[in-house]
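Undergrad: Generate coordinates for the sequence data below:
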Amino acid sequence: MEDEVRLTVWVPAATLTDAELQTRAVEWLLLGRTQYAQGARALFSEWPDVGRVTLTFVDIQRTEQKSRRASAETVTPVLRVRLTRGRFERLKLKAVEACVEKGDCAAVFRAAFDEARLDRKGLKR
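TA: Take a look at the predicted model:
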């Protein structure tokens with residue numbers, strides 16, 4: 001059985017378009033978020049036992065209450081992508097870099113991952 005890494009990240013989904021969410025997911029998982037978080041490329045090369053990585057974007061909505069109690073939070077999954085090592089090894093990263101540069105990764109979002117789901121149900125704007 002292959003090991004899986006699951007990443008859950010809060011993003012302000014209500015303020016982002018579908019294209020921005022898809023582009024952010026493609027960039028963060030395939031190319032990396034920063035020089036220190038280099039995405040699936042670093043993950044698969046540093047941990048040979050990892051065969052799959054899942055990235056989930058969640059939106060956190062707080063219900064303000066006029067009391068001493070803390071506000072209630074609702075965590076809503078908005079986007080989920082899953083990538084296997086084999087699929088990552090077949091990817092053409094130049095195409096990924098190009099779509100990120102343009103800010104439109106809808107086609108790569110649908111084609112690059114083993115699972116790609118964007119669902120805004122339950123999200124309040």
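
Undergrad: and Phe88, what element?
TA: Under the criterion of DSSP states H and E, Phe88 resides in helix 85-90.

Undergrad: what helices or strands is that helix leaning on?
TA: Helices and strands touching helix 85-90, by 3 or more C-beta pairs under 8 Å, 6 or more residues apart in numbering; DSSP states H and E, are helix 39-46, strand 50-63. Every residue, glycine included, has its C-beta placed from N, CA and C.

Undergrad: what about Glu115, neighbour count?
TA: Neighbourhood size, Glu115 [other C-beta atoms under 10 Å]: 11.

Undergrad: nearest residue to it other than its sequence neighbours?
TA: Spatial nearest neighbour of Glu115, excluding adjacent residues (C-beta to C-beta, 6 or more residues apart in numbering): Arg82 at 4.0 Å.

Undergrad: And for Ala42?
TA: Excluding the flanking residues, the one nearest Ala42 by C-beta to C-beta, 6+ apart is Gly32, at 6.9 Å.

Undergrad: Now the phi/psi pair for that neighbour, please.
TA: With angles defined as degrees, to the nearest 10, Gly32 sits at phi 110, psi 160.

Undergrad: just Thr34 next, same as before
TA: phi -140, psi -180.

Undergrad: can you give me the strands for this protein?
TA: Ranges of strands in the chain, per DSSP state E, are 3-10, 50-63, 72-84, 115-118.

Undergrad: Just the residues contacting the second one, thanks.
TA: Contacts of strand 50-63 from elsewhere in the structure, counted by C-beta atoms under 8 Å, 6 or more residues apart in numbering, are 2-14, 21, 24-25, 28-29, 40, 43-44, 71-85, 114-115, 123-124.
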